[in-house]
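S.K.: A structural model of the following input is requested.
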Amino acid sequence: MRRRLVAEGGRLIKERGVQGAGVDGVARAVGLSGAALYSHFKSKQDFLREVLREELGASARRFLAANATWEEAVARYLSLPHVRNAAAGCVLPAVTPDVARSDEAVRHAFGEGLAEVVRALGEKTGRHDEALGVVAAALGAVALARALPDDESAKQVLDSTRALITAAMKVHAPAPE
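M.R.: Down below sits the predicted model:
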């Protein structure tokens, strides 16, 4: 049941944000009462930490497992399907504002998960120094695109960010040996 709660929590949080999903909503989605969730987790923060660990770990694993170049992986991340299907995508754009207002333990779990995503992208690109900037730009673009009412505007944000990341990675490319 704990795994189902974490999986459903991840899906709902990606769709609605931390505040919008709520503990009661997550519990109801798997057929429990809100109080029953606390038989599996000590607190709402404990539950959120577990969801963040799982979701950010999954994002890192997707980067590493993708049979794609870093350019293709970034293009998939910066795509309308990813923007419009938040529940199947990355948790970062959905939770970052809520995590910023959370307790230290939640922010610590978030930081560890973010570092895992950045390491995975760094391995994919071979460019560990720039990976954090790429993640920051990409998650900002996805969050902004999700807020826009139409696909054309969202696509402009995504395309311009992808072009910016690609240009930056080419400018700062290591010299051939």
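S.K.: low-confidence bits of this structure, can you list those?
M.R.: Applying pLDDT under 70 to the chain picks out residues 66, 172-177.
S.K.: burial measure for residue 61, as a count.
M.R.: Residue 61 is flanked by 13 other residues according to other Cβ atoms under 10 Å. In this view, the C-beta of every residue, glycine as well, is placed from N, C-alpha and C.
S.K.: right, and it touches residue 120 too?
M.R.: Yes - the criterion here is Cβ atoms under 8 Å, and residue 61 meets it with residue 120 at 7.4 Å.
S.K.: which SS class is residue 67?
M.R.: coil (DSSP: H, G, I helix; E, B strand; the rest coil).
S.K.: any idea how far it lies from residue 76?
M.R.: In this view, residue 67 and residue 76 are 12 Å apart by Cβ to Cβ, to the nearest Å.
S.K.: please apply the same query to residue 132.
M.R.: Separation of residue 132 from residue 76 (Cβ to Cβ) stands at 19 Å.
S.K.: sorry, back to before: looking at residue 67 and residue 76, which is more packed in?
M.R.: Using other Cβ under 10 Å, the more surrounded residue of residue 67 and residue 76 is residue 76, with 15 against 6.
S.K.: so the more buried one: helix, strand or coil?
M.R.: Residue 76 - assigned by three-state DSSP - is helix.
S.K.: for burial, what's the neighbour tally of the residue lying closest to it once chain neighbours are set aside?
M.R.: Nearest residue to residue 76, sequence neighbours excluded (Cβ to Cβ, 6 or more residues apart in numbering): residue 82, at 6.6 Å. Neighbours of residue 82 under the rule other Cβ under 10 Å: 20.
S.K.: show me what the host helix or strand of residue 135 is packed against.
M.R.: Using DSSP states H and E, residue 135 sits within helix 128-147. Applying 3 or more Cβ pairs under 8 Å, 6 or more residues apart in numbering; DSSP states H and E, one finds that helix 128-147 contacts helix 70-77, helix 80-84, helix 92-100, helix 104-125, helix 151-171.
S.K.: flag every buried residue along it.
M.R.: Applying a neighbour-count criterion of 16 or more other Cβ atoms under 10 Å, one finds 130-132, 134-135, 137-139, 141-146 buried in helix 128-147.
S.K.: do the same with stretch 45-53
M.R.: Buried residues in stretch 45-53, counted by 16+ other Cβ under 10 Å: 47-53.
S.K.: with stretch 105-114 instead?
M.R.: In stretch 105-114, counting by 16+ other Cβ under 10 Å, buried: 106, 109-110, 113-114.
S.K.: likewise for stretch 95-105?
M.R.: Buried positions in stretch 95-105, judged by neighbour count with 16+ other Cβ under 10 Å: 95-96, 98-99, 102.
S.K.: so what's the gap between it and the chain middle?
M.R.: Put simply, stretch 95-105 sits 14 Å off its chain's centre (Cα atoms, centre = their mean, to the nearest Å).
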